[in-house]
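[1] kindly return the folded structure for what I paste below:
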Amino acid sequence: MAVFGYLDEIVRNMPLNKAIIEGIEYLKGLTPESFAELKEGEPQKIAIDGDNLFAINQIYKTKSMDLAKFEGHQRYIDLQYLFEGFEIIKNGSKIDCRKESDYDAENDVQFFTADFFSSISLRKNMLCILYPDDIHAPGLIADREGIVKKSVVKVLI
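    This next block holds a predicted model:
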């Protein structure tokens, strides 16, 4: 079940495990300099605790809804945080999805087709926690194309 809202509200209102709290602490420390040397479409992996906890900082243009690509993970929880910008994430349950590909264990990703989903709107300082049962399509246009600065912290289950 996805959890989303402003970062501080999630911290204040949700019981979170130690690894997720560590990931959130990383997100709280982000500054404009964290993205200063990034180029659009060239993500940067940041080690926090080896393969147990790491971040992927990125800058990209949101894409149209018809380009939505649903993905799911088995080994990691995603903490998707918008440092700047606005996007929509489509989110559905594995129950309502059909597999489009085999599971890629090396990249912890599998692709799906979803017939039933909800839309989560995120803007600056908002976080969406996505668990392995959350099949999601991030990076989508809300009302017009825009540039997003985002960090996705991967938390090993």
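[2] which ones are touching the closest residue in space to Met1 that isn't next to it in sequence?
    Leaving aside its chain neighbours, Met1 sits nearest to Tyr131 (6.6 Å; criterion: C-beta to C-beta, 6 or more residues apart in numbering). All C-beta spots, glycine's among them, are computed from the backbone N, C-alpha and C. Contacts for Tyr131 were tallied using C-beta atoms under 8 Å, 6 or more residues apart in numbering; they are 1-2, 77.
[3] at 10 Å instead, please
    1-3, 72-73, 76-78, 155, 157 (C-beta atoms under 10 Å, 6 or more residues apart in numbering).
[4] ok, Ile157 next?
    17, 19, 73-77, 131-132.
[5] kindly report the same for Asn57.
    Counted by C-beta under 10 Å, 6+ apart, Asn57 has contacts 30, 34-35, 37-38, 43-46, 81, 83, 149-153.
[6] try it again with 6 Å
    Taking C-beta atoms under 6 Å, 6 or more residues apart in numbering, we find Asn57 in contact with 44, 151.
[7] next one: phi and psi at it?
    When read as degrees, to the nearest 10, the backbone of Asn57 gives phi -90, psi 140.
[8] swap in Asp115?
    Backbone torsions for Asp115, taken as degrees, to the nearest 10, come to phi -100, psi -20.
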